[in-house]
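[1] any chance you could fold what I've pasted below:
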Amino acid sequence: MHFKSALSFNGKMVINMFSNQDLVLDNFVKKTTALPSWISGAHVNENQYVIAVDSGLPSDTFNVLIPLSVLPQDALTNVEEAICSFSDKGFPVCVWTDQRFLTDELVALLTDLGLAEAERNATMKLESDAIKTVSPMHSDRFEIKKVLNADDVRSYAAIFQSLFEGSPEKEVLIRLFDQAAASFSAHPHQQWFIGLLDGKAVSTGCLIETDSSYGIYDVMTRQEYRGRGLGSTMFGYLLQRIKEEGKGKPCVLQASSDGINIYRKAGFHEVGEMVVFE
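    Numbers count the residues shown, from 1 in each chain. From the prediction side, this is the model:
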């Protein structure tokens, strides 16, 4: 699914801004709806207004509902039915909505269904020709490799799961990534990477390619290895791959308040905001 620019409102600048926001949303939808390609129990329900991704497990992370536009009344009913279908199974769900689509009616519905705003992320974009060349981290101890097999998936998963230590979500993610490892096959439009320090997987990164953009996701480092520049090295590596292999497509991402200054320094600029309810 690909998004078109919004209708003209007060001139060209607004059209371009909306087009940039749509690039981010399109890439995020591509990432989220890829789940059934590596998890057999997952499925996607969608119409022109809403996409609901069901992991088949009680996952806070991978059960996602995404509005695709400002929702008319009948589409609000679709949202209610989708959220209730998760609730009926005892599954949590997160709603990720572009701030442009966050109407009073949608907020009221989500509140009535027991969801509350959890976070806001800036949506950001960088043109490929503006990507700065990054000098590689000179260390024989640290290398970055592409995930190519089931063992690599498990290494990637262990870092992802470490962020949920002590929570029920970790056990769900173990089950989910076990399925992913069992059915894994490399996909050119969804690339996972692991950073290895002295042979141990300590950081991750992910690239999602659409017809219009590259998206950067899951740049994570194990807690005990943070502060050594490993996450920054992974981020720079992903940018270099986009610059060298990205066919001129822009790069997009979502940034929390903690990380936004890092992305600004790399040349990214804000094009909108994503709001998360859970």
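[2] could you pull out the strands in the stretch 51-200 of the chain for me?
    With DSSP state E, counting those that start in this stretch, the ranges of strands along the stretch 51-200 of the chain come out as 64-67, 94-98, 117-126, 142-146, 190-197, 200-209.
[3] could you redo those as CSV and give each row mean pLDDT and distance to E270?
    Just so you know, the C-beta spots here come from the backbone N, C-alpha and C atoms, and that holds for glycine as well. Below are the strands of the stretch 51-200 of the chain laid out as CSV (pLDDT from 0 to 100; distance: least, CB to CB, whole Å):
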stretch, mean pLDDT, distance to E270
strand 64-67, 98, 20
strand 94-98, 98, 13
strand 117-126, 97, 5
strand 142-146, 95, 28
strand 190-197, 96, 25
strand 200-209, 97, 20
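[4] export the ones you listed as TSV, with columns for mean neighbour count.
    Listed next are the strands of the stretch 51-200 of the chain as TSV, based on neighbours: other CB atoms under 10 Å:
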stretch	mean neighbour count
strand 64-67	23
strand 94-98	23
strand 117-126	19
strand 142-146	15
strand 190-197	20
strand 200-209	22
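[5] and G41, what pLDDT?
    For G41, the model assigns a pLDDT of 88.
[6] gap between it and V24?
    G41 sits 28 Å away from V24, going by CB to CB, to the nearest Å.
[7] who's more crowded, these two?
    A count of neighbours by other CB atoms under 10 Å puts V24 above the other of G41 and V24, at 26 against 13.
[8] now do the helices in this structure.
    12-33, 73-88, 104-112, 150-162, 168-183, 230-245, 260-265 (DSSP state H).
[9] among these, which is nearest A130?
    Among the helices of the chain, helix 230-245 comes nearest to A130, with 9.4 Å by CB to CB.
[10] where does pLDDT dip in this structure?
    Applying pLDDT under 70 to the chain flags residues 1-18, 134-139.
[11] tell me the contacts of L239?
    The neighbourhood of L239, defined by CB atoms under 8 Å, 6 or more residues apart in numbering, consists of L126, I131, K132, V134, I216, C251, A266.
[12] which parts of this protein belong to which domain?
    Listed by automatic domain parsing, the domain ranges of the chain are 12-123, 128-272.
[13] dump the residue contacts of K170.
    Residues near K170 by CB under 8 Å, 6+ apart: Q161, F164.
[14] before we move on, the earlier item: pull the most distant pair out of the contacts of L239.
    K132 and I216 (14.5 Å).
[15] so D129 makes contact with G248?
    Yes. Using CB atoms under 8 Å, D129 is in contact with G248, at 7.3 Å.
[16] list residues touching both of these two?
    What both D129 and G248 touch, as defined by CB under 8 Å, 6+ apart, is an empty set.
[17] K132 and I216 - which one has more neighbours?
    I216 (25 against 12).
[18] is the spatially closest residue to that one that is not a sequence neighbour in a bridge, and if so with what?
    Counting by CB to CB, 6 or more residues apart in numbering, I216 lies nearest to L253, which is 4.6 Å off, once chain neighbours are set aside. L253 forms beta bridges with M124, as assigned by DSSP bridges.
[19] show the contacting residues for L253.
    Counting by CB under 8 Å, 6+ apart, L253 touches V24, T123, M124, G215, I216, Y217, Y263, F268.
[20] roughly how far apart are it and L126?
    L253 is 8 Å from L126, by CB to CB.
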